[in-house]
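Trainee: The sequence and its predicted three-dimensional model are supplied below.
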Amino acid sequence: MTQTGTLDLSRVTLLVYVLAALELACLFMQSSVMPYLSRRLGLDSVAFGYQQTIFGVLQLLGGPVFGRFADQRGARAAFTLSFLASSALYLLLAAACSPALPGVPLLFASRLPGALMHTLPAAQMAITDLSAPEERPAALGRLGLCFGVGVIFGSLLGGTLSSTCGIQCPVIVALVVNLLGAILSFTCIPTSTKGASARAQAALPGKLHQTHPRCWASPSFGHHWS
């Protein structure tokens, strides 16, 4: 990898941060409209709790499966799968907002793709691979900043869009953003990020390659180092 490759590595890292922030913003965007959509469909607080529980359980069960998939197929496949699953969730949720369709079954069905929505763990995997060991704590810490950005802007946009353009608008925006995220993931993220940081460090121009000292034996003086 040349210096250009190192620059591309920085761009991939920045893209991972952007994708994580966008996915989290969309997640909190739809979370802000879920109570109102459930109420409009005639569900009480118990039914709303059920659907939230289903989403959490599916995420818990799908986590190990997604982790195994990401380890075998690499960062590109992991990000693409997560964004496609998110797109399916928002598509079903948008359909549930339509009065012409059975809203309650579609609302519960929209929880199912949550088993494969794991963009943040995929981002943690990619950042760990793309960052040098001494930079890794700070690099992973920036994902916390992405989480905060997603919470703030997702909740703000969800409330603003639903009050001005209707309850379906935030869901459609989230659908479009996640489809865009799937395209960016498939076209801009390397197939595998494993060892990327080590290769970039080894290829830095002017880097001094340290060699181990050689030991040779002498019958008179024992071991000497050269």
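Mentor: Received, thanks.
Trainee: List the buried residues in stretch 127-144.
Mentor: Buried residues in stretch 127-144, counting neighbours by 16 or more other CB atoms under 10 Å, are found at Ile127, Asp129, Leu130, Ser131, Ala139, Arg142, Leu143. (C-beta placed from N, C-alpha, C; glycine too.)
Trainee: from those residues, which ones fall inside helices?
Mentor: Among the buried residues of stretch 127-144, the members found in helices (DSSP state H) are Ile127, Asp129, Leu130, Ala139, Arg142, Leu143.
Trainee: quick one, helices of the chain?
Mentor: Taking DSSP H as the test, the helices found in the chain are 3-40, 45-73, 75-96, 103-109, 119-130, 136-165, 168-188, 196-202.
Trainee: how about Gln110, what does it touch?
Mentor: Check again: residue 110 is Ser, not Gln. Leu89, Tyr90, Leu92, Leu93, Ala96 (CB atoms under 8 Å, 6 or more residues apart in numbering).
Trainee: let's go with 7 Å and repeat that
Mentor: Neighbouring residues of Ser110 by CB atoms under 7 Å, 6 or more residues apart in numbering: Leu89, Leu92, Leu93, Ala96.
Trainee: Give me the pLDDT value at it.
Mentor: Per-residue pLDDT puts Ser110 at 94.
Trainee: swap in the one 4 residues further on?
Mentor: The predicted local confidence for Gly114 comes out at a pLDDT of 94.
Trainee: For Asn178, grab the count of nearby residues.
Mentor: Burial measure for Asn178: 27 neighbouring residues, criterion other CB atoms under 10 Å.
Trainee: can you tell me how far it sits from Ser163?
Mentor: To Ser163, Asn178 is 22 Å away according to CB to CB, to the nearest Å.
Trainee: Ala132 now?
Mentor: For Ala132, the distance to Ser163 under the criterion CB to CB works out to 45 Å.
Trainee: re the thing from before, between the ones in helices among the buried residues of stretch 127-144, which is closest to Glu23?
Mentor: Within these, the smallest distance to Glu23 is 11.5 Å, found for Leu143 (CB to CB).
Trainee: these two touch, right, Ser162 and Gln168?
Mentor: No - applying CB atoms under 7 Å, one finds Ser162 not in contact with Gln168, separated by 8.4 Å.
Trainee: Where does pLDDT dip in the protein?
Mentor: Within the chain, the segments meeting pLDDT under 70 span 1-7, 195-226.
Trainee: List the contacts of Cys97.
Mentor: Leu37, Ile167, Gln168, Val171.
Trainee: If you rank the residues you listed by neighbours, which is first?
Mentor: Neighbour-wise, the contacts of Cys97 (other CB under 10 Å) top out at Val171, 29 neighbours.
Trainee: Is it in contact with Leu93, as I believe?
Mentor: Yes - using CB under 7 Å, Val171 makes contact with Leu93 at a distance of 4.8 Å.
Trainee: which residues do these two both contact?
Mentor: Taking CB under 7 Å, 6+ apart as the criterion, Val171 and Leu93 both touch Gln30.
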